[in-house]
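# coords below, sequence missing:
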């Protein structure tokens, strides 16, 4: 069964600190992995996308890594800001022509950055 | 572009009433998706359309749920009759084509509360 597991479920850090969120998946055949940021009261917005051959991808203070062998990904946030408080969702795409079932969503990590 | 537009943003209704959620996808996008998000189950795909045609509705919980897409710029999700367990945030997303590398762009969501 295709699954995406994220840890931790929630995290509280102080402003300026770094943190790392984890994502493990069993989706196969794998196409790509995205990290979404979902602010409270808003829809998810894509931060990064990585394909099978990519190990790391950065978007400003966000750096995602992918180990396709162990089926693990991480999202590292550097020098956190209050605006980083949000849920971060790991989404893995199947290599399929069925657009409907090609995405498997993780349960998300709720990050709170405190001043 | 204004992005995916959903209305209403919030809906409070009583059990047994009909609820209609509305979505305007991004112009030119061929795919439209309806999702439901709850704390317990995360994001779940309900149904998706390709070029206004429903392709897969296997995620629709039961016959009380129905969705239509009369044209390329409008879709509705209807719940009749509504029940308290339908309380959730409902997201609409659109995507330009079925390439799995393409991002799904999410609307702001409709928070539904059924009393």
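Arrived safely, thanks for sending. Please read all numbers here as calculations on a predicted model, not as lab measurements.

# Output the below-cut-off pLDDT ranges for chain B.
Counting by pLDDT under 70, chain B contains low-confidence ranges at B:1, B:98-102.

# Please enumerate the helices of it.
Shown for chain B, no helices are assigned by DSSP state H.

# give the contact list for residue A:72.
When contacts are counted by C-beta atoms under 8 Å, 6 or more residues apart in numbering or on different chains, residue A:72 touches A:22, A:23, A:24, A:25, A:66. Every C-beta, even on glycine, is put in place using the N, C-alpha and C of the backbone.

# Near residue 25, how many other residues are there?
Using chain A here. Number of residues near residue A:25 (other C-beta atoms under 10 Å in any protein chain shown) recorded here: 22.

# meant chain B actually
25.

# Measure how buried residue 46 is and give me the count.
Looking at chain A here, since you left the chain open. Residues near residue A:46, counting by other C-beta under 10 Å, number 16.

# Actually, chain B is the one I wanted.
Counted with other C-beta under 10 Å, residue B:46 comes out at 21.

# again, but for residue B:96
Number of residues near residue B:96 (other C-beta under 10 Å) recorded here: 14.

# for it, what are its contacts?
Residue B:96 sits next to B:28, B:29, B:30, B:31, B:102 when contact means C-beta under 8 Å, 6+ apart.

# Can you report how many residues neighbour the third one?
Think residue B:30. 17.

# ok, now the fourth one?
Applying other C-beta under 10 Å, we find 20 residues neighbouring residue B:31.

# still on that earlier bit, tell me which of the contacts of residue B:96 is nearest to chain A?
Using C-beta to the nearest C-beta, residue B:31 comes nearest to chain A of these, at 5.5 Å.

# Correct me if wrong: residue B:43 contacts residue A:104.
No - with contact defined as C-beta atoms under 8 Å, residue B:43 does not count as touching residue A:104 (9.8 Å).

# Now flag whichever of the contacts of residue A:72 is closest to chain B.
Checking those against chain B with C-beta to the nearest C-beta, the nearest one is residue A:23 at 13.0 Å.

# need the residues of chain B near chain A, please.
Within reach of chain A by C-beta under 8 Å from any C-beta of the partner chain, chain B has these residues: B:4, B:31, B:33, B:42-43, B:45, B:48, B:50, B:55-56, B:59, B:91, B:93, B:95, B:98, B:100-101, B:103-104, B:106-109, B:111.

# Pick out the residue in chain A sitting closest to chain B.
Of all residues in chain A, residue A:43 sits closest to chain B, at 3.1 Å by C-beta to the nearest C-beta.

# Any figure for the gap between the nearest residue to that residue once chain neighbours are set aside and residue B:4?
Distance criterion C-beta to C-beta, 6 or more residues apart in numbering or on different chains; nearest residue to residue A:43, sequence neighbours excluded, is residue B:106 at 3.1 Å. Distance check for residue B:106 against residue B:4: by C-beta to C-beta, to the nearest Å, it reads 6 Å.
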